[in-house]
Each structure stands twice: as C-alpha cells, then as structure tokens.
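Novice: any chance you can model this:
(one chain, ligands or ions: 1)
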Amino acid sequence: MATWEPCSVRVDCPFCGEGKRTETHWHRIADFIACICLKERSDRYERACEESHKVGLCSFIQFYRAVKNPDLKTDVNIWNSHQAVARHALSLHAKRLIILEDDFQFRRTTLPLTQIEQDVSNLDAYYPSWDIYYLGHFPLLSIPAFPPIRRVWSQCAHALVMNDCMIQRLSSLAPKYIQTFSSVFGNGIDCYFMLQSKTFAPDKILCVQHESPNDHRKASWIDYAITHGWCYDFANSLSRFIPFLFVLVVFLLLNKKHNKESRNTRKQQQICPSPR
Ligand SMILES: [Zn+2]
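Specialist: Numbering: from 1, shown residues only. Predicted structure coming up:
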C-alpha cells in the first residue's frame with residue numbers, strides 16, 4: 001500500500017538541520033509539495049532527499065511512496081500516482097500543488113524563488129484559471145504570454161506547479177478515462193498535461209531529470225535527451241522558432257500560389273491578347 005513519508009533530516013542542512021531552519025519561498029509558491037517515488041526505489045528516494053536539502057525543499061516536501069500495480073500498464077500506474085497526489089492535495093484544500101518525480105534535479109542550488117512566486121501570482125491575476133506552471137519540462141512549442149512567462153506545449157512531468165482547477169480536474173478523472181487516454185497516446189500523463197488549455201513556463205528551464213536508471217521503459221535516445229541539460233535548452237530555443245517557421249511556410253505557400261496564378265494570367269493574356 002502506498003504511504004506518505006517526509007524528507008530525511010540531515011544535521012548539517014542549512015534548511016532542516018538542528019536549529020537551522022531557514023525560511024524559503026517554497027511555501028508561498030504552493031500549499032503542498034509532493035514527490036512521487038516508488039517504494040522499492042530507496043536509491044531514488046535518497047537522491048531526491050539530497051536534492052531537496054540543496055534547494056530548501058526538505059522542510060516542506062512529502063514523498064508519495066507508490067506501489068506498482070503489476071496488472072496495470074506503467075503509464076496507468078504513473079497516472080494513478082499523480083492522481084493520488086492531486087486527491088491528497090484536494091483533501092488538504094490546497095490551492096496550489098507542486099508535483100515532482102523522484103528524478104528531479106534543479107539546475108542551480110540558488111533558485112529564483114521570488115521570481116517563481118511572482119510568476120504564479122501574475123498567472124492568478126492574468127489567467128485566473130491557469131492549469132500548470134512548469135519548473136521543468138521538454139518544450140515542443142511555445143509562444144510569449146507575458147515576460148518572463150511563456151505559453152508552452154511540453155512533454156515531461158518531473159517538476160510542475162498545478163493550480164486548483166487542475167488539481168480538481170485530475171482528481172475527478174475516472175479510471176476508464178485514464179486507461180483509454182494512456183492506450184491512445186502512450187506517453188500518458190505528460191501528454192494529458194500538454195493538452196490542457198493553459199500551461200505556462202518561465203523563460204528558462206529550472207529543473208531537468210537526473211541520469212538514473214529509468215523505472216518504466218528501456219533506455220533510448222529519449223533518455224539521452226532528457227538527462228542532458230543542453231537538450232532541454234535546445235528544445236526550449238527550437239520551440240520558439242516553430243510558430244515563426246509555421247508562419248514562414250504559410251507565407252511561402254501563399255506566395256507560390258500567387259505567383260502561379262500571375263503566370264497563368266500572363267499566359268492567358270499572351271494567348272488571347274486583349275483587343276485594342
Ligand atoms: Zn534539509
């Protein structure tokens with residue numbers, strides 16, 4: 001049975017060590033912070049705890065120690081863990097939830113937490129029903145929303161902030177919907193997040209995935225991409241050009257069509273010159 005577990009305490013940690021608790025902005029960004037980690041993967045739990053100590057998450061984070069259901073597909077097990085976390089946050093009346101997966105790795109120990117807090121407040125003001133604010137993601141497409149926030153369509157769900165409407169939506173999904181979605185789209189929960197209408201991210205990717213053995217699929221080029229920081233940055237840059245590329249292709253096609261019509265008109269005029 002799945003259980004909740006706090007972060008291990010480290011005596012020399014500036015955030016949770018004895019008598020050393022330091023305030024951070026994490027609790028202003030979200031009411032509840034959870035990390036999903038399989039019960040059988042104590043190596044991942046320990047690494048995620050280390051990571052939490054580095055960035056001051058250790059005092060707030062709770063680990064959802066999930067248990068795999070061998071009768072279900074891995075994608076569905078992942079859905080169920082995310083849904084269990086969302087339901088737990090809902091039961092605590094959380095307005096914002098941070099969900100991390102146990103391979104999360106922040107790119108710096110000093111994070112722009114004040115900026116993140118400001119970003120989610122701005123989202124509340126300008127997009128009151130926003131769904132997701134990604135701390136870490138693999139962007140496929142992005143357009144400016146308001147600086148430094150971009151509207152994104154992204155893969156990966158290893159680090160994100162969820163707003164209350166998204167918490168409720170995920171909590172209320174039926175198991176049948178989850179299984180159907182997962183069997184159609186394959187990649188499961190991150191595809192579902194990508195298809196939500198209001199998903200945002202800061203200009204820079206703050207969190208990537210650690211290079212630890214994967215729980216749910218064979219090693220492939222995707223693993224290479226998601227465990228190398230430059231791939232995220234490359235995707236982040238490329239995602240900005242795709243909308244321009246789309247506009248350029250449409251412009252070139254329309255221009256080609258216009259030129260063809262002009263040539264046909266000229267040919268027509270040469271065959272049948274207009275009477276003087
Ligand atoms: Zn600590």
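Novice: centre of the chain to the longest helix along the chain, how far?
Specialist: Identified as the longest helix of the chain according to DSSP state H is helix 229-271. From the chain centre to the centre of helix 229-271 is a distance of 31 Å (C-alpha atoms, centre = their mean, to the nearest Å).
Novice: so for that helix, mean pLDDT?
Specialist: Taken as a whole, helix 229-271 carries a mean pLDDT of 80.
Novice: now do stretch 19-35
Specialist: 86.
Novice: who are the packing partners of the longest helix of the chain?
Specialist: strand 132-146, strand 149-163, helix 221-226 (3 or more C-beta pairs under 8 Å, 6 or more residues apart in numbering; DSSP states H and E). The C-beta positions use only the backbone N, C-alpha and C, and glycine is treated the same way.
Novice: what do you get if the cut-off is 6 Å, keeping everything else the same?
Specialist: Judged by 3 or more C-beta pairs under 6 Å, 6 or more residues apart in numbering; DSSP states H and E, helix 229-271 is in contact with strand 132-146.
Novice: residues of the strand it packs on that come out buried?
Specialist: Neighbour counts over strand 132-146 (16 or more other C-beta atoms under 10 Å) mark Ile132, Tyr133, Tyr134, Leu135, Gly136, His137, Phe138, Pro139, Leu141, Ser142, Ala145 as buried.
Novice: around the ion, which positions in this structure sit nearby?
Specialist: Cys13, Phe15, Cys16, His53, Cys58 (C-beta under 5 Å from the ion).
Novice: mind putting these in JSON lines, pLDDT, secondary structure and neighbour count included?
Specialist: Below are the residues of the chain next to the ion laid out as JSON lines (pLDDT from 0 to 100; DSSP: H, G, I helix; E, B strand; the rest coil; neighbours: other C-beta atoms under 10 Å):
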{"residue": "Cys13", "pLDDT": "92", "secondary structure": "coil", "neighbour count": "22"}
{"residue": "Phe15", "pLDDT": "90", "secondary structure": "coil", "neighbour count": "21"}
{"residue": "Cys16", "pLDDT": "90", "secondary structure": "coil", "neighbour count": "23"}
{"residue": "His53", "pLDDT": "95", "secondary structure": "helix", "neighbour count": "21"}
{"residue": "Cys58", "pLDDT": "94", "secondary structure": "coil", "neighbour count": "25"}
